[in-house]
Structures are given as structure tokens and as C-alpha cells.
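[1] using only what follows, build the 3D model:
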Amino acid sequence: MESFPTVADQVTAMGSVTPVRSSAKRATSTAIESRGLERARPIETVREVEAPTVREQILPALRSDTLNRAVNLAISVIGLIVLSPLLVLIAAVVKLTSRGPIFYTQTRVGIDRRYNRTLPTQERRLQDLGGTAFTIYKFRSMDVNAEGRSGVVWATVNDPRVTPVGRFIRKFRLDELPQLMNIVGPRPERPLIVARLRQDIPEYPLRQRVKPGITGLAQINQQYDSCLDDVRSKVHYDLEYLKRQGMFEDLKIMVKTLPTVLLKIRGW
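    Numbering: from 1, shown residues only. Purely as a prediction, here's the structure:
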């Protein structure tokens, strides 16, 4: 498992993302404090702080893991075969139009399988990420080392780090196609952002009680996250999915995903 020593100090409710220069860093810090946002803390400190009280303990609806795995595997294999020409085309365009690798990898936080164990077995590891860490693969849509300049931040509508081709494939979520994971479930986040959000949003850890997915109830109802209020709204949808999860619910979300991505029809 990777080591994540600090919580991302760039996870803020600010509108746009620009590279942080040393001359502007002090002004940015003052702006963050004036908004009442909490400054960055080491992840060990986050782990030791008493967790905010959760108003409602939500347990995921029961479902067949075997059936769910079989359906996801079948859809993934069929999808890769049908979309293979498109995948090759996107890979070639990404490679030919910008410097850097075709694929981009990120560590994300997945399901937390320890939430329902008895009290004696709930001792946490030294670095509690909030769930199992895993790696996702995406078509690269940003400049090389984009986060090395800006830090770990949410992408914005006119993000200057995004390449021209990347802007197109992000618009239609084509950058997500290489991800071989559960189809429906809460979208997984990066460890640094999870560490911050589970302190700011008491209910946030509850969404880790099911497997993450490529699409979900939040994705067919709202846009990309750009601030904490967006995440709070997304958590509402994710927790609603926990209570309703099942094969029929998953199929409904899958059917709604395509028109949501292509036609931008949300919440229907």
C-alpha cells in the first residue's frame, strides 16, 4: 500500500484551479482561512481526531455478490470487444497530440470491509485510508505532471491543465473507458481527498460500505465535483444507492448513463 503522509491542502471550495506560485501562496492561504475552511493536517492527525457524529447509520441493502460479479464481468468483456476500435483510436490520438504516456494511473479508495465487524476487530492500521486502496487506469487527458504544479485538486470546467483532446474525451467521459472495475457504485476518490472529506462531511465514510463503480446514482444526476457542496450532494445520492442497491437498480442506472453522457440529460 502506498504511503500518503499529508492531507491535500488544495481540496477547497474555490471555483477555478491555477498553478500556485510562491508569491501567491500567502494570499491563497489567507483566502482559505477567511472562508472558514480547515487547513491541511498530517494524515496521522486526521486518524486521531474524533470522527464527527453520523446522524444515521445506513447499512447497504442485501444483494448477491456472485450474481453481481458475473454480470459485471460479462458487461466488461462485451464492452471491451465492442469498443475496442474506439479504444485504439483514442489511444492513438492521445499519443499523437500531446507529450507523455497514453494512460494515466491513480490510487483510489474502495470498499471498507471493516465497518460491520465486532468492536475488538475494529483497530485501525497506522494509515487508515477509509477503505481498500486500488489503482485505476484512464486515458490521459491532462498535461504530464499536472498535479505536480497544482497539487491534488478537483478538475474544473475550463481547467488549464487539460489538453485539447483531453477536453473532448472528458466531456463524454471517454477517458474512463479503460477502467475495469465494478460498473455501478459510488465513484472512488483519491486517498488525500478522502482523508479530508471524511472530516468535513460526517456521512462521507458511509459511502465506502459498497464497492465503487464507473457510474452511479450521483453521476446520472449531477456534474463533476468542483466544491464541497457538490460532494455533499453526491454523498446524498450515494447513500440513497446504498439503501436501494440491487441488480434492477444497477440496470436502471446503466441504461440512464449513456444518454446522461452523450445528451447531458440528468435526473430523468
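
[2] drop to CA atoms for contacts and neighbour counts, all remaining ones
    Fine.

[3] dihedrals phi and psi, residue 135?
    Dihedral pair for residue 135: phi -110, psi 130, per degrees, to the nearest 10.

[4] nearest residue to it other than its sequence neighbours?
    Distances taken as Cα to Cα, 6 or more residues apart in numbering place residue 107 nearest to residue 135, at 4.5 Å, with adjacent residues excluded.

[5] what about the one you found, neighbour count?
    Applying other Cα atoms under 10 Å, we find 17 residues neighbouring residue 107.

[6] so it sits in a strand?
    Yes: according to DSSP: H, G, I helix; E, B strand; the rest coil, residue 107 belongs to a strand.

[7] these two touch, right, it and residue 136?
    Yes: contact criterion Cα atoms under 8 Å: residue 107 and residue 136 qualify, at 6.5 Å.

[8] tell me where the stretch 1-150 of the chain has strands.
    Remark: strands assigned in the stretch 1-150 of the chain by DSSP state E, counting those that start in this stretch are 103-109, 133-139.

[9] go through the longest helix seen in the chain and flag the buried ones.
    Determined from DSSP state H, the single longest helix within the chain is helix 65-97. Buried residues in helix 65-97, counted by 16 or more other Cα atoms under 10 Å: 68, 72-73, 76, 87, 90-91, 94-95.

[10] now it, how far from the chain's geometric center?
    How far helix 65-97 lies from its chain's middle: 19 Å, per Cα atoms, centre = their mean, to the nearest Å.

[11] just checking, what packs against that helix?
    strand 133-139, helix 164-171 (3 or more Cα pairs under 8 Å, 6 or more residues apart in numbering; DSSP states H and E).

[12] the last one: which residues count as buried?
    For helix 164-171, the buried set under the neighbour-count rule, 16+ other Cα under 10 Å, comprises 165-167, 169-170.

[13] tell me which of those residues is nearest to residue 129?
    residue 170 (27.0 Å; Cα to Cα).

[14] shouldn't the closest one be in contact with residue 139?
    No: at 9.4 Å, residue 170 and residue 139 do not qualify as touching, with contact defined as Cα under 8 Å.

[15] mean confidence score for stretch 238-252?
    The pLDDT scores in stretch 238-252 average 95.

[16] what does stretch 172-189 give?
    Averaged over stretch 172-189, pLDDT sits at 90.

[17] measure it end to end?
    20 Å (Cα to Cα, to the nearest Å).

[18] one more: stretch 218-236?
    The first-to-last residue distance of stretch 218-236 comes to 8 Å (Cα to Cα).

[19] next, report how far it is displaced from the centre of its chain.
    11 Å.

[20] pLDDT below threshold where in the stretch 1-150 of the chain?
    Filtered on pLDDT under 70, the stretch 1-150 of the chain yields the residue ranges 1-55, 117-127, 147-150.
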